[in-house]
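# This is a predicted model, with the sequence first.
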Amino acid sequence: MRTRRGRGGSPRAASCKSPLDGGSGNGIPPFSADSAGGGGAKRLKVPTSEPGLRPRYRYRLVNVFAERPFAGKPTAVITDARGLDSTSMQLIARELNVPQTAFVFPAEIPDAQARVRIFTPTAELPRAEQPTIAAIFALDQEEKLERAHSQRRVVVQQADGPVSASYFARVMTVKQRLPEFVGTYPEPDAVAAILGLTRDDLLPLPLEAFSAGVPFLIVPVRDAARLRGAHFRDSIWERTVRHFEAPHILAFCLSPERPSSLARARVFTPALGIREDPATESAHGALVVYALRHGLVDLPATAAVTIEQGAELGRPSFIQVVVVHDNGTVREIRIGGQCQSVGEGTIVAP
């Protein structure tokens, strides 16, 4: 439940609608290609402030892959970024200093409802699942989407092409690139030492790396107790895996906290400036591919599984992976989860 201010300043309750609910309710036009002036729709104004002052832009803070507020991965979304150039967006992303910030513009291609650009505090990304989910969730919260009741999907435009988001209950998923095999790391003792473990704490399987855009070295750990006890040792990583094709490490076990989940994971990405990440959607398609490849799991041809992450950081995350495979050969992967709105504010244009 969130509150909005009615006339006279008194609060009024507003329920959190899902993208399947009908009607906008507040007269805000859908944020689509038509809102840029075509199709007879009313053109939305570029955010402004008082004359002579810098424009102000509204943003929302969204926790992605979270079943409750202040869990999952924090993401900022500026739901109407018109008037901002690349330099300004990078400065704002650095100032907000969350892992990723999404900037929303009118779409430039047919069928897409918005164009989304994604920035970390240091660089722009051509595509990423987590901020895409956050952006669509934030637009829905502001009732700027045309709901596709029958198709249960929304299409947005990103730098490397259109991305469709699908809805099922409260879970939103987006399609992920199929992970590609990168290579095998030949020194399991070194990898175990990086995690503060021994070789006996790992399953006797090859340490393989896969990439769906970001390469991860997959490390199978015997059980949850060993995984919880892992502590990352930067000095050993600096001398070893840092120089491998996949310097990021995903350690996992098949004994999650919830019986309904498939696995529990911890992800370490010091090469990206994040020692441990609370939710790493770009890694979990690779985890499922690895588990199928080595016969660790037996899944139906189309399966929806949950990966747990972030509990050790106090930000429990639940990443949904929908996988379509043919006798272990993966054909399609979708990544998603629930979102929570935890705040909003304004920021001036640089």
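Great, that's in hand. Numbering: from 1, shown residues only.
# and V219, how many neighbours?
If you count neighbours by other CB atoms under 10 Å, V219 ends up with 30. (Each C-beta comes from the backbone N, C-alpha and C, glycine too.)
# V182 and L91, how far apart?
34 Å (CB to CB, to the nearest Å).
# I meant to write S211 there.
Taking CB to CB, one finds S211 at 30 Å from L91.
# neighbour-wise, which of these two wins?
Per other CB under 10 Å, whichever of S211 and L91 has more neighbours is S211, with 20 against 16.
# so that one sits right up against L178, yeah?
No. Between S211 and L178 there is no contact under CB atoms under 8 Å: 10.1 Å.
# show me the contacts for R58.
P47, I78, T79, D80, E344, G345, T346 (CB atoms under 8 Å, 6 or more residues apart in numbering).
# What does L203 show for phi and psi?
phi -70, psi 150 (degrees, to the nearest 10).
# What is the burial count for it?
16.
# follow-up on the earlier one: go through the contacts of R58 and give me the one with the most neighbours.
I78 leads these on contacts (other CB under 10 Å) with 26 neighbours.
# ok, it touching Y59?
Yes. If you go by CB under 8 Å, I78 and Y59 touch, sitting 4.8 Å apart.
# Touching both of the two, which residues are there?
T101, I347.
# can you give me the strands in the stretch 51-200 of the chain?
Using DSSP state E, counting those that start in this stretch, the strands found in the stretch 51-200 of the chain span residues 56-64, 73-78, 100-105, 114-119, 124-125, 153-158, 161-168, 171-176, 180-185.
# which helices and strands does the shortest one pack with?
With contacts defined as 3 or more CB pairs under 8 Å, 6 or more residues apart in numbering; DSSP states H and E, the secondary structure elements packing on strand 124-125 are helix 86-96, strand 114-119.
# Point out the most buried one among the ones you listed.
strand 114-119 (a mean of 24; mean count of other CB atoms under 10 Å).
# Listing partners with orientation, what would you give for that one?
When pairs are called by DSSP bridges, strand 114-119 turns out to pair with strand 100-105 (antiparallel), strand 124-125 (antiparallel), strand 153-158 (parallel).
# For F103, give the beta-bridge partners.
I78, R117.
# I figured it hits E124, correct?
No. The pair F103 / E124 is not scored as a contact, 9.6 Å apart, by CB under 8 Å.
# residues shared between the contacts of those two?
With CB under 8 Å, 6+ apart, F103 and E124 have common neighbours M89, R117, I118.
# Could you tell me what pLDDT the model assigned to the second one?
According to the model's per-residue confidence, R117 sits at a pLDDT of 96.
# residue contacts, C253?
With the criterion set at CB under 8 Å, 6+ apart, C253 makes contact with P220, V221, R222, D223, A224, R226, L227, A263, R264.
# Please disregard the earlier target; I meant D277.
K73, P99, V267, F268, T269, Q309, G310.
# One more: I236?
Contacts of I236 by CB under 8 Å, 6+ apart are A190, A193, I194.
# Can you tell me which of the residues you listed has the largest number of neighbours?
I194 (26 neighbours).
# Was I right to think that residue contacts R233?
Yes. Judged on CB under 8 Å, I194 makes contact with R233 at a distance of 5.5 Å.
# highest average neighbour count across the strands paired with strand 114-119?
strand 100-105 (a mean of 25).
# could I get the shared contacts of F103 and E124 as TSV with distance to L53?
Compiled in TSV, the shared contacts of F103 and E124 are given as follows (distance: CB to CB, whole Å):
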residue	distance to L53
M89	20
R117	25
I118	28
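# quick check, nearest of the contacts of I236 to D140?
I194 (40.9 Å; CB to CB).
# How far off centre is stretch 296-314?
Centroid separation between stretch 296-314 and its chain, computed with CA atoms, centre = their mean, to the nearest Å, is 15 Å.
# how about it: buried residues?
Within stretch 296-314, the residues that count as buried by 16 or more other CB atoms under 10 Å are 296-297, 299, 303-312.
# nearest to L254, of the residues you listed?
Looking across the buried residues of stretch 296-314 and measuring by CB to CB, the closest to L254 is L296, at 6.3 Å.
# would CSV of the contacts of R58 with distance to G337 and pLDDT be doable?
Converted to CSV, those look like this (distance: CB to CB, whole Å; pLDDT from 0 to 100):
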residue, distance to G337, pLDDT
P47, 29, 55
I78, 22, 98
T79, 20, 96
D80, 25, 97
E344, 21, 95
G345, 24, 96
T346, 27, 96
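# How about the contacts made by the most centrally placed residue in the chain?
Centroid check for the chain by CA atoms, centre = their mean gives Q130 as the closest residue, at 1.5 Å. When contacts are counted by CB under 8 Å, 6+ apart, Q130 touches V64, F65, K73, T75, P99, Q100, A279, E281.
# where does the stretch 151-300 of the chain dip in pLDDT?
151, 169 (pLDDT under 70).
# That one: helices as residue ranges?
Ranges of helices within the stretch 151-300 of the chain are 188-194, 224-229, 234-239, 281-293, based on DSSP state H, counting those that start in this stretch.
# picking that back up, pipe the contacts of I236 into JSON lines and attach distance to F137 per row.
Converted to JSON lines, the contacts of I236 look like this (distance: CB to CB, whole Å):
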{"residue": "A190", "distance to F137": "40"}
{"residue": "A193", "distance to F137": "40"}
{"residue": "I194", "distance to F137": "35"}
